[in-house]
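>>> what's the 3D shape of this:
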Amino acid sequence: MPCYRCGVRQTDPSRGQSPWKRGVVQHSQILICPGCQDASDWTADLDRCSRCSSVHLVKRLGEVECRDCGAIVAPEGAGEPGLADDPAGVALEGDAGAAGTGLQGGTGPEGAGRGADLSEEVARALDRVLG
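All right, here's what the predicted structure looks like:
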């Protein structure tokens, strides 16, 4: 899966904790590379938990779960309360005015790990491995 913001792909991870961060944007799981995490507004596009306003969300089996407070939104609850895309009055330091502005310079969730580019990349990888 490529970085949501710049599109760079993750290489084989080394042992230990990955420097890449997970997040959820419009109920889709995304990854943010270490380089993009240096930007002060890297969390601006991420969905937030409506209970605790955290951006530490993960998507598993269709459910979006907050890693901080444990709130869960079921697959059919995508439009119901649980996750706030743009909570009023909630912004991280350095995010003033960034919420709700959309993606700036990123590939977006529609391009993250989908499409012809990924199909071609997978085909090349299979050819290398299987001959």
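
>>> going forward, measure contacts and count neighbours with C-alpha atoms only.
Noted.

>>> Measure how buried residue 3 is and give me the count.
25 (other C-alpha atoms under 10 Å).

>>> After the worst-scoring helix or strand of the chain on mean pLDDT, which helix or strand is next?
Every helix and strand of the chain was ranked by mean pLDDT, DSSP states H and E. The lowest is strand 83-84, at a mean of 50. Where DSSP states H and E defines the elements, the next helix or strand beyond strand 83-84 is helix 116-130.

>>> Dump that following helix to CSV, keeping only the CA atoms.
Taking Å, rounded to 0.1, in the frame of the first residue of the first chain, the C-alpha atoms of helix 116-130 are listed here in CSV:
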residue,chain,number,x,y,z
ALA,A,116,-3.8,-0.4,-13.1
ASP,A,117,-0.5,0.7,-11.6
LEU,A,118,-0.9,-1.8,-8.8
SER,A,119,-2.0,-4.6,-11.2
GLU,A,120,1.0,-4.0,-13.3
GLU,A,121,3.3,-3.9,-10.3
VAL,A,122,1.8,-7.2,-9.0
ALA,A,123,2.2,-8.8,-12.4
ARG,A,124,5.9,-7.8,-12.6
ALA,A,125,6.5,-9.1,-9.0
LEU,A,126,4.9,-12.4,-9.8
ASP,A,127,7.0,-12.7,-13.0
ARG,A,128,10.2,-12.1,-11.0
VAL,A,129,9.3,-14.6,-8.3
LEU,A,130,7.7,-17.3,-10.4
